[in-house]
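**Student:** My questions are about this predicted structure, shown below with the sequence.
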Amino acid sequence: MKPRLLFALLLGLSVAHSGINTAAAATASHASKSAKGASHQARTAAKTTAKAGAKHVAKTAGRSTAKAGVHVSRASERAEARRGARAHKVAEAGRRARGGAMMRVSLRHEPVVAKAAPALAAPAEPSFTVDAHGMPHLGSAAFYVVNQHTGEVLLERNSTSVLPIASITKLMTAMVVLDGGQSLSEELSISEGDIDTLKGTGSRLVLGTRLTRERLLNLALMSSENRAASALARNYPGGEQAFIHAMNVKARMLGLSDTRFFDSTGLTPQNVSSPRDLAKMVAAAASYPLIREFSTTPERYVEIGSRQLRFGNTNSLVKNPDWQIAVQKTGYISEAGRCLVMQAWIQKQPVVMVLMDSNGRYTRTADAQRVRKWLESEGAERLAAAAKDHAG
């Protein structure tokens with residue numbers, strides 16, 4: 001081959017090789033740039049995706065939390081409602097079990113009728129036992145039971161003991177009021193002088209209450225209202241001291257040698273007597289028709305201001321159809337215990353019972369029932385003989 005041809009061939013090969021290298025380099029460079037761009041785009045896309053994902057997650061989480069909060073709140077409300085419903089059902093079941101009634105609310109403006117809680121009845125027909133002499137066992141510390149017609153003493157224990165008599169006093173108060181001859185229709189007012197400062201007892205006869213003398217006498221005997229008894233004494237001619245003096249004069253006239261009075265209510269333990277004396281006082285009180293009526297009235301409704309108040313009898317036996325009670329009075333202060341005096345008809349005979357210093361809530365009325373049962377069984381012969389002698 002000629003040298004010129006060989007040189008041209010070599011030159012062409014060199015140029016071709018350089019072109020190939022340049023193209024390869026350019027291609028590699030472009031590829032590298034493309035790779036970098038792709039990597040950058042990938043990273044950018046990844047960041048964008050990550051941010052978008054985070055935002056989406058956050059939004060989703062927020063919505064989920066909000067929804068969860070609403071769900072919890074509603075669930076809590078429903079649970080509370082269910083608990084309230086269950087509590088209402090339980091309360092309603094308890095009410096029905098107790099036999100109570102739902103309160104009815106009225107929007108009408110009607111007079112309010114305030115009722116006192118009814119006195120709890122004594123146990124009906126309590127059993128009794130007798131001692132070796134055939135006498136009934138009684139729970140009262142002192143007692144005296146006598147046939148008023150014949151004067152025969154049927155039962156007694158500590159009958160001459162001088163004891164505080166509490167509201168038994170009001171029988172004497174009533175006799176002195178009626179003996180005084182003052183108008184029973186005259187209205188008297190409850191004042192500060194009638195407030196109990198000795199024992200601190202309350203009263204529904206508020207200051208300023210105006211009632212007739214007759215109504216005050218009724219409340220004093222039936223419900224043992226202390227302010228009523230006090231007002232009666234204050235409005236006596238000469239005032240309270242003159243009234244107390246008249247009480248003691250009356251006691252001497254009746255032959256009550258063990259009896260002393262220092263007030264008209266019986267709140268002071270200085271008012272004392274013996275069971276034997278009290279039997280005479282009960283017999284004397286039974287001769288007053290109003291005392292018989294007022295002391296045995298079961299209840300009265302009295303208009304005090306704008307309200308009608310119910311006043312009940314302190315002796316539950318007056319409502320018992322098995323009893324024929326002509327006159328009665330209860331009494332209680334801590335020094336006297338629970339006391340009860342009565343004139344009752346048993347086996348067609350007037351029997352006076354005096355029961356003093358009973359230590360239980362129902363002991364005095366239970367003792368009265370024991371005495372009656374005893375007189376209708378073991379003691380019946382004595383009453384029958386008394387009735388025969390009185391008729392003959």
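**Tutor:** Thanks, I have the structure now. No experiment lies behind these values; they were computed from the predicted model shown.
**Student:** how much space is there between Leu163 and Glu299?
**Tutor:** Counting by Cβ to Cβ, to the nearest Å, the gap from Leu163 to Glu299 is 30 Å. Quick note: C-beta positions are derived from backbone N, CA and C, even for glycine.
**Student:** more neighbours, these two?
**Tutor:** The neighbour count for Leu163 versus Glu299, taken as other Cβ atoms under 10 Å, is higher for Leu163 (21 against 16).
**Student:** OK, contacts around the more buried one?
**Tutor:** Residues counted as contacts of Leu163 (Cβ atoms under 8 Å, 6 or more residues apart in numbering) are 142, 272-275, 336, 356-357.
**Student:** right, and Gly331 touches Thr265 too?
**Tutor:** No - under the criterion of Cβ atoms under 8 Å, Gly331 lies out of contact with Thr265, with a separation of 10.2 Å.
**Student:** Now do the contacts for Gly193.
**Tutor:** Applying Cβ under 8 Å, 6+ apart, the residues near Gly193 are 230, 234, 240.
**Student:** Would you double-check that it falls in a strand?
**Tutor:** No - if the criterion is DSSP: H, G, I helix; E, B strand; the rest coil, then Gly193 is helix and not within a strand.
**Student:** you'd agree Trp345 is in a strand?
**Tutor:** Yes - with three-state DSSP as the criterion, Trp345 is part of a strand.
**Student:** Look up the residues forming beta bridges with it.
**Tutor:** With DSSP bridges as the criterion, Trp345 is bridged to Pro350.
**Student:** Distance of it relative to Tyr288?
**Tutor:** Per Cβ to Cβ, Trp345 is found 17 Å from Tyr288.
**Student:** just Leu355 next, same as before
**Tutor:** In this structure, Leu355 lies at 22 Å from Tyr288, with Cβ to Cβ as the measure.
**Student:** who has more neighbours, these two?
**Tutor:** When Leu355 and Tyr288 are compared on other Cβ under 10 Å, the one with more neighbours turns out to be Leu355, at 29 against 18.
**Student:** Contact partners for the more buried one?
**Tutor:** Contacts were defined as Cβ under 8 Å, 6+ apart; by that measure Leu355 touches 138, 140, 143, 339-341, 364, 367-368.
**Student:** again, but for Ile244
**Tutor:** Taking Cβ under 8 Å, 6+ apart as the contact definition, Ile244 lies against 233, 261-264.
**Student:** Any chance of JSON lines for those residues, columns secondary structure and pLDDT?
**Tutor:** JSON lines is the format used below for the contacts of Ile244 (DSSP: H, G, I helix; E, B strand; the rest coil; pLDDT from 0 to 100):
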{"residue": "Ala233", "secondary structure": "helix", "pLDDT": "98"}
{"residue": "Phe261", "secondary structure": "coil", "pLDDT": "98"}
{"residue": "Phe262", "secondary structure": "coil", "pLDDT": "98"}
{"residue": "Asp263", "secondary structure": "coil", "pLDDT": "98"}
{"residue": "Ser264", "secondary structure": "coil", "pLDDT": "98"}
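**Student:** Select from these the one having the most neighbours.
**Tutor:** Counting by other Cβ under 10 Å, Ser264 has the largest number of neighbours within the contacts of Ile244, with 28 neighbours.
**Student:** Closest one of the contacts of Leu163 to Gln182?
**Tutor:** When those are compared for distance to Gln182 (Cβ to Cβ), Ser273 wins out at 25.5 Å.
**Student:** Once you drop chain neighbours, what's closest to the closest one?
**Tutor:** Thr259 (4.1 Å; Cβ to Cβ, 6 or more residues apart in numbering).
**Student:** Can you get me a residue count around the residue nearest to Arg260 when sequence neighbours are not counted?
**Tutor:** If the residues on either side of it in the chain are set aside, Arg260 comes closest to Val272, at 5.5 Å by Cβ to Cβ, 6+ apart. Neighbourhood size, Val272 [other Cβ under 10 Å]: 20.
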